[in-house]
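Q: no sequence on this one, just coordinates:
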Ligand code: GUN
């Protein structure tokens with residue numbers, strides 16, 4: 001058996017084509033959506049992610065506002081840059097690229113973002129709205145995972161999803177989306193404190209692996225026919241991305257997201273979607 005590929009590039013291209021039309025409609029009403037990014041430090045991976053986000057903006061007609069600060073920036077300087085983006089009318093949504101350099105308090109920075117401009121859906125107000133079931137920009141990677149599964153017809157209603165990892169951008173937030181009535185999945189979350197991760201994985205209809213541990217999910221731990229999403233990012237000694245899922249899983253799983261080329265493009269498409277939706281809300 002060979003798994004069906006969950007092709008994030010193709011799915012993201014279709015979403016971006018729809019967003020281009022919505023951006024054109026906004027421009028006709030005199031509104032140009034603008035995505036801001038704040039990048040602190042010189043991490044090459046983060047620089048590449050941010051550059052990709054701005055390439056996507058250009059492709060769909062969203063304006064780009066790029067702010068950069070050196071690795072030596074103080075908490076006050078980072079928060080001052082956030083305050084400027086909050087005030088900038090050309091910036092209709094923005095994100096602070098994570099992780100921030102050591103010594104900076106990321107939570108304090110996230111809390112300083114104006115919730116209406118929170119393109120990542122990671123502001124405590126917006127995460128709280130998600131808990132309450134109120135409309136809010138949704139965290140991009142979890143939303144991208146669900147959009148990719150839906151596009152490939154993977155059943156979530158009643159499915160048992162095992163999420164590996166508890167970081168804020170994916171692990172913490174994806175159970176909130178999966179257990180909404182619209183998705184109706186049952187979620188088990190495993191992490192470094194879990195006694196027997198493999199025993200949980202073997203029960204899963206869907207695995208979302210976001211631990212950042214190379215090849216953590218092995219073929220013998222996957223139920224035949226399960227959907228497996230590889231969201232982990234580690235780098236080998238040559239700087240090449242290595243995911244959380246062992247390549248042999250392709251022979252057991254029913255669906256598998258490649259990494260790179262699976263969830264990453266979907267995260268970026270969902271970011272653009274949040275920017276367009278924020279601009280539409282502001283224009284109404
Ligand atoms: N770094 C890795 N993933 C993300 C993300 O989704 N948003 C932000 N802001 N930084 C990230």
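A: Yep, that arrived. What you see is a predicted model; the values in this text were computed from it and never measured. Numbers count the residues shown, from 1 in each chain.

Q: Identify the spatial nearest neighbour of residue 263, chain neighbours not counted.
A: Excluding the flanking residues, the one nearest residue 263 by CB to CB, 6 or more residues apart in numbering is residue 231, at 4.9 Å. For glycine as for every other residue, the C-beta is placed from the backbone atoms N, C-alpha and C.

Q: same question, residue 247
A: residue 215 (8.0 Å).

Q: Please apply the same query to residue 246.
A: residue 215 (4.3 Å).

Q: Surely the one you found forms part of a strand?
A: No: according to DSSP: H, G, I helix; E, B strand; the rest coil, residue 215 belongs to no strand; its state is coil.

Q: What residues does it make contact with?
A: Shown in contact with residue 215 (CB atoms under 8 Å, 6 or more residues apart in numbering): 242, 243, 244, 245, 246, 247.

Q: who wins for neighbours among those?
A: Of these, residue 245 is surrounded by the most neighbours, 29 neighbours in total, counting by other CB atoms under 10 Å.

Q: Was I right to think it contacts residue 259?
A: Yes: assessed by CB atoms under 8 Å, residue 245 is found in contact with residue 259 at 7.0 Å.

Q: shared neighbours, these two?
A: Common neighbours of residue 245 and residue 259, using CB under 8 Å, 6+ apart, are 230, 232.

Q: and the stretch 151-284 of the chain, which of its residues are near the ligand?
A: Residues of the stretch 151-284 of the chain that fall close to the ligand, judged by CB under 6 Å from any ligand atom: 169, 267.

Q: What strand or helix carries residue 65?
A: strand 63-69 (DSSP states H and E).

Q: what about residue 225, how many residues close to it?
A: 12.

Q: Skip the chain neighbours and tell me the closest residue to it.
A: Using CB to CB, 6+ apart, the nearest residue to residue 225 is residue 254, at 3.9 Å.

Q: and if you look at residue 191?
A: Spatial nearest neighbour of residue 191, excluding adjacent residues (CB to CB, 6+ apart): residue 166 at 4.5 Å.

Q: ranges for the helices of this protein?
A: Along the chain, counting by DSSP state H, helices occupy 8-28, 44-60, 75-87, 106-112, 124-132, 140-151, 174-178, 197-201, 263-283.

Q: Whatever residue of the stretch 1-150 of the chain ends up closest to the ligand and residue 222, how far apart?
A: Taking CB to the nearest ligand atom, the ligand has its nearest neighbour within the stretch 1-150 of the chain at residue 98, 3.6 Å off. According to CB to CB, to the nearest Å, residue 98 and residue 222 sit 29 Å apart.

Q: Between those two, which has more neighbouring residues?
A: Per other CB under 10 Å, whichever of residue 98 and residue 222 has more neighbours is residue 222, with 27 against 16.

Q: The more buried one is in contact with residue 250, isn't it?
A: No: if you go by CB under 8 Å, residue 222 and residue 250 don't touch, sitting 9.9 Å apart.

Q: which non-adjacent residue is nearest the closest residue to the ligand within the stretch 151-284 of the chain?
A: Nearest to the ligand in the stretch 151-284 of the chain, going by CB to the nearest ligand atom, is residue 169, at a distance of 4.5 Å. In space, and not counting its chain neighbours, residue 169 is closest to residue 141: 5.7 Å by CB to CB, 6+ apart.

Q: Serialize the helices of the chain to CSV and add fields for mean neighbour count.
A: Listed next are the helices of the chain as CSV, based on neighbours: other CB atoms under 10 Å:
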stretch, mean neighbour count
helix 8-28, 16
helix 44-60, 16
helix 75-87, 16
helix 106-112, 16
helix 124-132, 16
helix 140-151, 24
helix 174-178, 21
helix 197-201, 17
helix 263-283, 23
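
Q: if we can go back for a sec, what's in contact with the strand holding residue 65?
A: By CB under 8 Å, 6+ apart, strand 63-69 touches 32-41, 50, 54, 57-58, 77-78, 81, 84-85, 88, 90-91, 94.

Q: rerun at 6 Å
A: 32, 34, 36, 37, 38, 39, 40, 54, 57, 81, 91 (CB atoms under 6 Å, 6 or more residues apart in numbering).
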